[in-house]
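Asks: the sequence isn't on hand, but the structure is:
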Ligand SMILES: NC(=O)C1=CN([C@@H]2O[C@H](COP(=O)(O)OP(=O)(O)OC[C@H]3O[C@@H](n4cnc5c(N)ncnc54)[C@H](O)[C@@H]3O)[C@@H](O)[C@H]2O)C=CC1
Ligand SMILES: O=C(CO)COP(=O)(O)O
């Protein structure tokens, strides 16, 4: 029997994932917080609030009742990282596998999403889905590849089989931590690349940031127990390249605004969609300092977000750092 999937979170990514796993007619249950999202999906087959203009598959049924997810065999958890703990507490306890799809580190605890899930739902097997995946492209069936990390190889294979489709290709990994670190850190680096664009610093600077940012991601990932090959794969470098080069990225757009001289407070006010990097940046910086991992680009993003330094001062500081071998 086909694995029945539920999706927690009716934002752009939750809706796009529901669309892809619904395929040609599989039933998928999507839980959303906003009654207007649920109503629009069920009545008009569209999520006008978060994924407007994309007709949704008939197999998707939306609900505001989280207990309805009890009917599902596995759940894709797609709420923003800072709300993940609260939402997991609302789920009935159980051993239903949880596929974590948010990209971020929890403020306060500095925990990755798998660590939060293990604390709140200790009986559930955990997988992580992460990679270069703009929601609007996935929802339209455009070709996409993604990392599906799960420590339990058999479960990972079963999940990959269930979510794969001709346009959506999961690559199996057992490195849950690596997949999570890649997704969380690239959001912060995408803000930095947006700043480069907004301040008109040029394409050389952007390429340098992607490359040196990747070195930071790798240093931090290795310190947290990630595998270097995961960080060099879809969930790390792949996603870094995507989000550092497109205004379709909310994180890149936020950075562009900062680079144009606008304040983070203004840019984040009244924003309905989430730019995860803004919340991950300070906790990532603190975690890196605590682990004695050098992350100058992440430090710079934090200074721009909290308004403690100007773009000019940041650029001057980064360029004045002592010369060093590239491999360090
Ligand atoms: N949009 C994309 O292309 C992709 C997003 N992601 C990740 O998926 C996660 C969800 O992002 P999106 O679906 O894009 O979100 P979104 O920006 O489209 O929508 C915001 C979401 O946050 C939820 N929300 C707002 N306040 C909340 C609260 N107090 N408690 C619980 N939920 C609340 C809303 O209900 C909505 O589902 C993020 O971690 C993001 O990094 C990952 C891959 C692609
Ligand atoms: O994670 C994403 C693509 O892989 C989406 O990036 P943004 O959240 O920056 O839009």
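Replies: Ah, there it is. This is a predicted model, so every value here is computed, not measured. Numbers count the residues shown, from 1 in each chain. Ligands and ions are numbered 1, 2, ... in the order given.
Asks: after whichever helix or strand residue 62 is part of, next one along is what?
Replies: Taking DSSP states H and E as the definition, one finds residue 62 inside strand 60-63. Sequence-wise, the next helix or strand beyond strand 60-63 is strand 74-77, with elements assigned using DSSP H and E.
Asks: packing partners of that next one?
Replies: Contacts of strand 74-77 with other secondary structure elements, assessed using 3 or more CB pairs under 8 Å, 6 or more residues apart in numbering; DSSP states H and E, are made with strand 5-8, helix 12-22, helix 84-90, strand 98-100. For the C-beta atoms, the positions are set from N, CA and C on the backbone; glycine is no exception.
Asks: what's the first helix or strand after the helix or strand that contains residue 180?
Replies: When secondary structure is defined by DSSP H and E, residue 180 falls within helix 176-198. Per DSSP H and E, the first helix or strand lying C-terminal to helix 176-198 is helix 203-223.
Asks: mind checking if stretch 9-16 is in reach of ligand 2?
Replies: No - Stretch 9-16 stays clear of ligand 2 (CB under 6 Å from any ligand atom), getting no nearer than 7.4 Å.
Asks: ok and the residue in the chain nearest ligand 1?
Replies: Proximity to ligand 1, evaluated over the chain using CB to the nearest ligand atom, is greatest for residue 11 at 2.6 Å.
Asks: so which residues on the protein come close to ligand 1?
Replies: Contacts of the chain with ligand 1, taken as CB under 6 Å from any ligand atom, map to 9-14, 33-34, 50, 78-81, 83, 87, 101-104, 133-135, 273-274, 276.
Asks: again, only this time at 5 Å
Replies: By CB under 5 Å from any ligand atom, the part of the chain that sits against ligand 1 consists of 9, 11-13, 33, 50, 79-80, 83, 102-103, 133-135, 273-274, 276.
Asks: now that we have those residues, which of them are buried?
Replies: 9, 11-13, 50, 79-80, 102-103, 133-135, 274, 276 (16 or more other CB atoms under 10 Å).
Asks: could you tell me which of the residues you listed are located in helices?
Replies: Under the assignment DSSP state H, those contribute 12-13, 135, 276 to helices.
Asks: tell me the one of these nearest ligand 2?
Replies: Ligand 2 lies nearest to residue 276 out of those, by CB to the nearest ligand atom, at 5.9 Å.
Asks: closest to the centroid, which residue in the chain?
Replies: Residue closest to the average C-alpha location in the chain (CA atoms, centre = their mean): residue 103, at 2.7 Å.
Asks: let me see the contact set for that residue.
Replies: For residue 103, the residues meeting the contact criterion (CB atoms under 8 Å, 6 or more residues apart in numbering) are 81, 130, 180, 183-184, 186-187, 276, 280.
Asks: try 10 Å
Replies: Neighbour list for residue 103: 13, 80-81, 113, 128, 130-131, 179-187, 235, 239, 243, 251, 274, 276-277, 280 [criterion: CB atoms under 10 Å, 6 or more residues apart in numbering].
Asks: re earlier: could I get the phi/psi values of the residue nearest to the residue of the chain closest to ligand 1 when sequence neighbours are not counted?
Replies: When the adjacent residues along the chain are set aside, residue 11 lies closest to residue 50, with 4.8 Å between them (CB to CB, 6 or more residues apart in numbering). Comment: the main-chain dihedrals of residue 50 come out as phi -120, psi -20, following degrees, to the nearest 10.
Asks: tell me the pLDDT at residue 50?
Replies: Model confidence at residue 50, expressed as pLDDT, equals 98.
Asks: out of the helices and strands packed on strand 74-77, nearest to residue 307?
Replies: Comparing these by their distance to residue 307 (CB to CB), the top pick is helix 84-90, with 27.6 Å.
Asks: quick one: average pLDDT of the closest one?
Replies: For helix 84-90, the mean pLDDT works out to 97.
Asks: can you check stretch 131-150 too?
Replies: 98.
Asks: does ligand 2 sit close to it?
Replies: Yes - with CB under 5 Å from any ligand atom as the criterion, ligand 2 is reached by stretch 131-150 at 132-133.
Asks: can you report how many residues lie near residue 118?
Replies: Using other CB atoms under 10 Å, residue 118 is surrounded by 15 other residues.
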